[in-house]
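> Can you look at this prediction? I've put the sequence above it.
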Amino acid sequence: MIHRFVGLIAVAFSGLVAVTASASAHPHVWVTMRDELVYAPDGSVTAVRHTWTFDDMFSAFATMGFPKTNGTFTRETLQPLAKVNVDSLKDFDYFTYAKIDGKRVKDAFAEPTADYWLDYDAKTTLLTLHFTLPLKKPVKANKTLEIEVYDPTFFIDFAMAKSNPVTLVGAPADCKVATEKPPDINFPTTLRLDQALVTSEANIGMGASFANKITVTCP
Amino acid sequence: MSTGDGVRHIRWFLFSGGIATLVLAAATVSAWAQFRGFGGMGPPPANGIFGWLLGQQAFFYQALAGMLRAAKTNGSAYWGLMGISLVYGVFHAAGPGHGKAVISSYLLANEETWRRGITLSFASAVLQSITAIAIVAIAALLINATAQMMGDTVRIIETVSYGLIIVIGARLAWVKGKSFHAALRKMHAGTEAANGDPPVSIANHPAARGVTGNLAEAHSCVTHGQDGHMHGEHAHADHAHAGCTHHAHQHDDDEEENVLPWGHAHGPEPEELAGPGGWRRGLSAIVAVGLRPCSGAIIILVFALSQGLFWAGVASTFVMGLGTAITVSTIASLAVGAKSFAKRISRRPTGYGVLVLRGFEVCAACLVMLVGVALLSGYMASEQMGFF
């Protein structure tokens, strides 16, 4: 009796420690993303152009201490901030990962081109970051390119814009783009705990994720 | 030594060894799960209990932001804001950076009471709230700093805090290592001395307990602890415990219940909490954990400020701290409870039992140190300040 009881306590406690200590940071920053895939005349993909709009809380946080001109932050005022953003994004691999024909390519992207900037919408109080990530090696048209955008630490929650999240720029006419959105965790109240536990077991090793996937194929 | 005793000893050894292994394995695995940069860690799971916890946190965090927006025009939203801040705090403490691992391991290593665990949890949560408020108040209101400057400040504080965690862990490991060594010697001595009293481990001697927790009294108490050990079982009774006087009461207690080396599982002595050394004993842990502000609180405070609702933000931060303290203290109490329960169940731990207990404490101390090193070296994910 007592053996089992002690064993139970030990197991319960270990589980508790495991559950609580390994929980990741929840998102503190929300990004609505629109992307453009830029094609070269020969039909290969050369770059990804990100347009990331931050939530109002983070926008207020990020613009703190910057002076407003006529009630808004000008592009010039925000340029140093844009530089900080782009520079620090390097440490996070720009939260952008590439797969070619299903294989992950390490360090697929070069540093962003110099034409990055931030703009601020005084009406919505939202901040938007624009930057272009060139692929180190352009991806030929006959290959399948997958772009994934996510924060492995999940401090930032990336979500695709509701309409037209991805545009192909200068792509051959028959190229097709597909997008895959991560499950929406912002409305978890619909998910009951018991269901959550069931899906958890079903998903072991399956790598369910919060990645936003963009897949282009040009037959 | 009767056969019954022998069986009990073996049973105790198995129990405590099993528990120690399980707890440490769980803690280590979960600590490693927080590590970054190993084997290309993928995105976090969207399902299961982790996904659920994340979902709850994200939900309440956004609800909090919504309440702040509403509070700008609607005064009654303040109550909602406070309610959501509390619930958010409770869930948010499940995330990294609120000292669950450090406080729990510290308590396990330190032979502490559950009540002290609650005190530590609440004190560090209050300190954490104060740091966040102070940083935002100084940065935004006084010197008009940017988020980047604020982020840099937080990073410096972080480094100090992680360093302190390492120091506390190292200190505990050193003290507990000595206790382990003492238990080892005691065991050998015990085997040689036929049918002796169950050895009372020196580490449970109140003086030694003072050593582990109280930096200020470290010296005098170390000496006593050592003396006690050198001169045998109950030598400490004859000692004049200058510098460890506030333990006098527990002392008597120990004498009465020397069959229970841990002695104090039934609850804290008043002077343990309020005595001159009581508060100081846990202070280093409180500072180490509470120094580093919660980045969520900072973002919320800045947002509140931008909405002209700084005081609502301040109140919300404190209520959030209360919520995190509830969760952290629950976990800490469970940790302490599990340990003292295991010890109580096993009745008379002697020889191996004490050795296992001491070994467990050494491991818990090492875990504190390891967590500190991991945090400092950036291998363990904490909440970064966005990408500033």
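Perfect, thanks for sending it. Numbering: from 1, shown residues only, chains lettered A, B, ... in the order given.
> can you give me the helices for chain A?
Using DSSP state H, the helices assigned to chain A run over residues A:2-22, A:56-62, A:75-89, A:193-202.
> rank the ones you listed by mean pLDDT and give me the bottom one.
Note on those: helix A:193-202 shows the lowest mean pLDDT, a mean of 36.
> buried residues in the longest strand anywhere in chain A?
The longest strand of chain A (DSSP state E) is strand A:126-139. Residues A:126-135, A:138-139 are the ones in strand A:126-139 that count as buried (16 or more other C-beta atoms under 10 Å in any protein chain shown). Every C-beta, even on glycine, is put in place using the N, C-alpha and C of the backbone.
> for stretch B:163-180, same thing?
Applying 16+ other C-beta under 10 Å to stretch B:163-180 flags B:164-173, B:175-180 as buried.
> How about stretch B:330-343?
B:330-336, B:338-343.
> need the contact list for the closest residue to chain A within the stretch 251-388 of chain B.
Closest to chain A within the stretch 251-388 of chain B is B:Ser306: 3.9 Å, counting by C-beta to the nearest C-beta. Counting by C-beta atoms under 8 Å, 6 or more residues apart in numbering or on different chains, B:Ser306 touches A:60, A:64, A:125.
> ok, the residues you listed vs chain B, which is closest?
Each of the contacts of B:Ser306 was scored against chain B by C-beta to the nearest C-beta, and A:Ala60 proved nearest at 3.9 Å.
> got the contact list for A:Val177?
So A:Val177 contacts A:37, A:166, A:168, A:214-216 (C-beta under 8 Å, 6+ apart).
> okay, these in a markdown table with pLDDT, distance to B:Asn110 and neighbour count next?
A markdown table is the format used below for the contacts of A:Val177 (pLDDT from 0 to 100; distance: C-beta to C-beta, whole Å; neighbours: other C-beta atoms under 10 Å in any protein chain shown):
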| residue | pLDDT | distance to B:Asn110 | neighbour count |
| --- | --- | --- | --- |
| A:Leu37 | 92 | 57 | 23 |
| A:Val166 | 90 | 55 | 20 |
| A:Leu168 | 89 | 61 | 18 |
| A:Ile214 | 90 | 51 | 22 |
| A:Thr215 | 90 | 54 | 16 |
| A:Val216 | 87 | 57 | 21 |
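> just checking, which of these belong to strands?
A:37, A:166, A:168, A:214-216.
> Next up, identify which helix or strand the closest residue in space to B:Leu355 that isn't next to it in sequence is on.
Excluding the flanking residues, the one nearest B:Leu355 by C-beta to C-beta, 6 or more residues apart in numbering or on different chains is B:Ala183, at 4.9 Å. According to DSSP states H and E, B:Ala183 maps onto helix B:147-192.
> quick one, that helix and helix A:75-89 angle?
Orientation note: helix B:147-192 sits at an angle of 20 degrees relative to helix A:75-89 (axes from the mean of the first three to the mean of the last three C-alpha atoms, to 10 degrees).
> can you tell me the average pLDDT over helix B:147-192?
Mean pLDDT, computed over helix B:147-192, is 83.
> Which other helices and strands does that helix contact?
With contacts taken as 3 or more C-beta pairs under 8 Å, 6 or more residues apart in numbering or on different chains; DSSP states H and E, helix B:147-192 sits against helix B:100-109, helix B:114-136, helix B:206-213, helix B:218-230, helix B:278-290, helix B:295-306, helix B:352-377.
> redo that, cut-off 7 Å
helix B:100-109, helix B:114-136, helix B:206-213, helix B:278-290, helix B:352-377 (3 or more C-beta pairs under 7 Å, 6 or more residues apart in numbering or on different chains; DSSP states H and E).
> Now the weakest link among those, please, by mean pLDDT.
With a mean of 40, helix B:206-213 has the lowest mean pLDDT of the helices and strands packed on helix B:147-192.
> ok, how many other residues are close to the residue nearest to B:Leu355?
As a burial measure, B:Ala183 scores 28 neighbours (other C-beta atoms under 10 Å in any protein chain shown).
> Show the pLDDT at B:Ala274.
38.
> that older thread, narrow the buried residues of stretch B:330-343 to those in strands?
Using DSSP E, none of the buried residues of stretch B:330-343 sit in strands.
> ok and the longest strand of chain A relative to helix A:75-89, angle-wise?
Using the same axes, to 10 degrees: strand A:126-139 against helix A:75-89 is 50 degrees.
> what distance separates strand A:126-139 from the centre of its chain?
Its chain's C-alpha centre and that of strand A:126-139 lie 12 Å apart, by C-alpha atoms, centre = their mean, to the nearest Å.
> mind exporting that strand as CSV, just the C-alpha atoms?
Coordinates of each C-alpha in strand A:126-139 appear next as CSV, following Å, rounded to 0.1, in the frame of the first residue of the first chain:
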residue,chain,number,x,y,z
LEU,A,126,0.7,49.6,-35.6
LEU,A,127,4.4,49.3,-36.7
THR,A,128,5.4,47.4,-39.8
LEU,A,129,8.8,46.2,-40.7
HIS,A,130,9.8,45.7,-44.3
PHE,A,131,12.9,43.8,-45.3
THR,A,132,14.2,41.6,-48.1
LEU,A,133,16.1,38.3,-47.5
PRO,A,134,18.1,37.2,-50.6
LEU,A,135,18.6,33.5,-51.0
LYS,A,136,22.3,32.7,-51.0
LYS,A,137,21.7,30.4,-54.0
PRO,A,138,18.6,31.2,-56.1
VAL,A,139,16.3,28.2,-56.2
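> which residues are contacting that strand?
Residues from elsewhere that reach strand A:126-139 (C-beta atoms under 7 Å, 6 or more residues apart in numbering or on different chains): A:40, A:44-54, A:56, A:59, A:62-63, A:82, A:85-86, A:94, A:96, A:100, A:108-110, A:112-113, A:115-120, A:145.
> can you rerun that using 6 Å?
By C-beta atoms under 6 Å, 6 or more residues apart in numbering or on different chains, the surrounding residues in contact with strand A:126-139 are A:40, A:44-54, A:59, A:62, A:85-86, A:94, A:96, A:100, A:108-110, A:112-113, A:116-120, A:145.
> swap in stretch A:159-174?
Residues from elsewhere that reach stretch A:159-174, judged by C-beta under 6 Å, 6+ apart: A:32-39, A:43, A:175, A:177, A:179, A:181, A:212, A:214, A:218-219.
> and the gap between A:Ala98 and A:Asn212?
When C-beta to C-beta, to the nearest Å is the yardstick, A:Ala98 and A:Asn212 sit 13 Å from each other.
> Run through the residues of the stretch 151-300 of chain B sitting next to chain A.
B:296, B:299 (C-beta under 6 Å from any C-beta of the partner chain).
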